[in-house]
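1. the sequence isn't on hand, but the structure is:
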């Protein structure tokens, strides 16, 4: 039942979309937790859930101020800002030490979790489920495939140690 003057989009359908984002993001987070990554269950669940909520707010949160022919609602504006914010968070997860880079897959997984949450919030749960399944394919199956690909021989490492001050 819609109360006049109240925003629409606060029904069981939207609760289900939030629930889907929560569940699917949690699955991704569980996998990252199981692998003992820096961002795990809580981080991924919160990212996916909040992305869905942001999109739902963007999609339905302004219906009380919209009037025919005066304002056009564009949920993609909030989605674009979520994407920018996730880029910022992802950059903070990546660590570079010398020639070694760590955290790229974690950052990419956080990015995907935001997309899964936004898909749920936009009412696209099937796409969210497929993307979550694709995540597990990449994280769990791809490493086995990579082990079967022949690697190019890398030249031996040379290490030079000099006395202090020279």
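-> Yes, it's here. Note that the structure is predicted; figures quoted are calculated from it, not measured.

2. what's the span of stretch 91-107, first residue to last?
-> End-to-end distance for stretch 91-107: 7 Å, by CA to CA, to the nearest Å.

3. I'd say residue 136 and residue 30 touch.
-> No. Using CB atoms under 8 Å, residue 136 is not in contact with residue 30; the gap is 10.3 Å. Quick note: C-beta positions are derived from backbone N, CA and C, even for glycine.

4. near the closest residue to residue 123 other than its chain neighbours, how many other residues are there?
-> Take residue 123 and drop its neighbours on the chain: the residue closest to it by CB to CB, 6 or more residues apart in numbering is residue 17, 5.9 Å away. The number of residues packed near residue 17 is 25, by other CB atoms under 10 Å.

5. now swap in residue 121 and tell me
-> Neighbouring residues of residue 121 were enumerated by other CB under 10 Å; the total is 32.

6. any idea which element the residue positioned nearest the centre of the chain lies in?
-> Geometric centre of the chain, nearest residue: residue 113, 2.4 Å, by CA atoms, centre = their mean. Assigned by DSSP states H and E, residue 113 belongs to helix 104-121.

7. buried stuff in the helix or strand hosting residue 53?
-> If you go by DSSP H and E, residue 53 is part of helix 41-60. Of the residues in helix 41-60, 41, 43-56, 58-60 count as buried by neighbour count, 16 or more other CB atoms under 10 Å.
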